[in-house]
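# sequence isn't available, so here's the structure alone:
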């Protein structure tokens, strides 16, 4: 008999606790039981449209986004993501004021929304309103500390304003957050080059190339760093790679010619000078260097060519050598392109 009484007590306790749990769950959900199924379907519909918009956005299909935004706005309440995607379409249509309006409304919904903060910085940066851009990029970084694209934007902004120390620091952080970030390696290398840290610049341009940034600009920049270190053979090797991609790259031809000249390979230097003069027929440095190279093969012809380039001068060889000391070679800056994400 006592066993049955015990079982009955246990059943009553279970029923009591089950009802209490059910009551607390209803209070947390707030949604009446009859609307739970409908609410779930609506939520799924919202997230499906947002996911579709995000996929279109990340793949650059901006023209396809509007119909999905319109569909969302007919059915669901405004959220920060919809305002952000609307701003992206505004930018795609060059309606930058409309974009800023939508981005600021998104921030009103969530002040720490890093996508909007970064996008506002993006608009200002492309207007060359540097201070406004930097302040918003920094706010975006504070809200999303490990996003390499935000950090990259801060780095390239400092670089464009000739603050190479800060550019290097921010680019290094971007690489740290995203080790396969070729653009980050490029900006870091450029920043280190201008600080005369040529070995580090060479290393990071090498990384950028390995990561797929296979551009003639990168090879040329690394050639400049090799030249600065008087590593003329590697300089020539990189100039050769540049010219395979762009046979009319004047700066690479001139740098190659000068490197060959310093290595006393006058035939190779002469060939590069001739090719350079086909591109810029009146370039004084190319004409003088060609004359000096020719003078090593035939003194009289070399002097005649120097007279043609410089006019009648006494000690024309010495004047030509002095002129070459003013030959300027310099890296090509990374493109001033900011990133959304």
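Cool, got the structure. Only a predicted model underlies this, so the values are computations on that prediction, with no experimental measurement involved.

# in terms of secondary structure, what does the host helix or strand of residue 240 contact?
According to DSSP states H and E, residue 240 maps onto helix 232-245. Here helix 232-245 touches helix 216-228, helix 250-262, going by 3 or more C-beta pairs under 8 Å, 6 or more residues apart in numbering; DSSP states H and E. From N, CA and C alone the C-beta is placed, and that goes for glycine too.

# which residues are in contact with residue 194?
Residues in contact with residue 194, defined by C-beta atoms under 8 Å, 6 or more residues apart in numbering, are 164, 331.

# hmm, try it at 7 Å
Residues near residue 194 by C-beta atoms under 7 Å, 6 or more residues apart in numbering: residue 164.

# what does residue 239 give?
If you count contacts by C-beta under 7 Å, 6+ apart, residue 239 has them with 223, 252, 255, 256.

# just put those residues in TSV and tack on pLDDT.
Listed next are those as TSV, based on pLDDT from 0 to 100:
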residue	pLDDT
223	98
252	98
255	97
256	97
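
# biggest separation within these, which pair?
Pairwise distances across the contacts of residue 239 peak at 8.0 Å for 223 and 256 (criterion: C-beta to C-beta).

# next, the angle from the helix holding residue 240 to helix 216-228.
Per axes from the mean of the first three to the mean of the last three C-alpha atoms, to 10 degrees, the angle that helix 232-245 makes with helix 216-228 is 160 degrees.

# use 31 as the first number for this chain going forward.
In the new numbering, first residue 31, that becomes helix 262-275.

# mind checking how far helix 262-275 is from the chain centre?
The chain centroid and the centroid of helix 262-275 are separated by 24 Å under C-alpha atoms, centre = their mean, to the nearest Å.

# before we move on, what about stretch 94-112?
30 Å.

# what comes up buried for that stretch?
Buried residues in stretch 94-112, counted by 16 or more other C-beta atoms under 10 Å: 95, 98, 99, 102, 110, 111, 112.

# can you tell me which of these lies closest to residue 355?
When those are ranked by distance to residue 355 (C-beta to C-beta), residue 95 comes first, at 56.6 Å.

# now that closest one: how far from residue 147?
Remark: distance between residue 95 and residue 147 (C-beta to C-beta, to the nearest Å) = 21 Å.

# now residue 262
From residue 262 across to residue 147, the span is 47 Å (C-beta to C-beta).

# more crowded one of these two?
Taking neighbours as other C-beta atoms under 10 Å, residue 262 and residue 147 compare with residue 147 leading, 25 against 20.

# possible to save the contacts of residue 269 as a markdown table with neighbour count?
Below are these laid out as a markdown table (neighbours: other C-beta atoms under 10 Å):
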| residue | neighbour count |
| --- | --- |
| 253 | 30 |
| 282 | 28 |
| 285 | 26 |
| 286 | 29 |
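
# just the closest of those residues to residue 128, please.
Looking at the contacts of residue 269 and their distance to residue 128, the nearest is residue 282, at 43.8 Å (C-beta to C-beta).

# look up how far residue 347 lies from that closest one.
To residue 347, residue 282 is 26 Å away according to C-beta to C-beta.

# assign a three-state SS to residue 209, would you?
Classification of residue 209 by DSSP: H, G, I helix; E, B strand; the rest coil places it in coil.

# what is the burial count for it?
12.

# need the pLDDT of it.
We have a pLDDT of 96 for residue 209.

# for it, phi and psi?
With angles defined as degrees, to the nearest 10, residue 209 sits at phi -60, psi -20.

# can you check residue 175 too?
phi -60, psi -30.

# swap in residue 243?
Given degrees, to the nearest 10, the pair of backbone angles that residue 243 has is phi -80, psi 70.

# list the contacts of it.
Under the criterion of C-beta under 7 Å, 6+ apart, the neighbours of residue 243 are 212, 213, 216.

# buried subset of these, written for PyMOL?
Of the contacts of residue 243, the buried ones go into a single PyMOL selection, burial set by 16+ other C-beta under 10 Å:
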select buried, resi 212+213+216
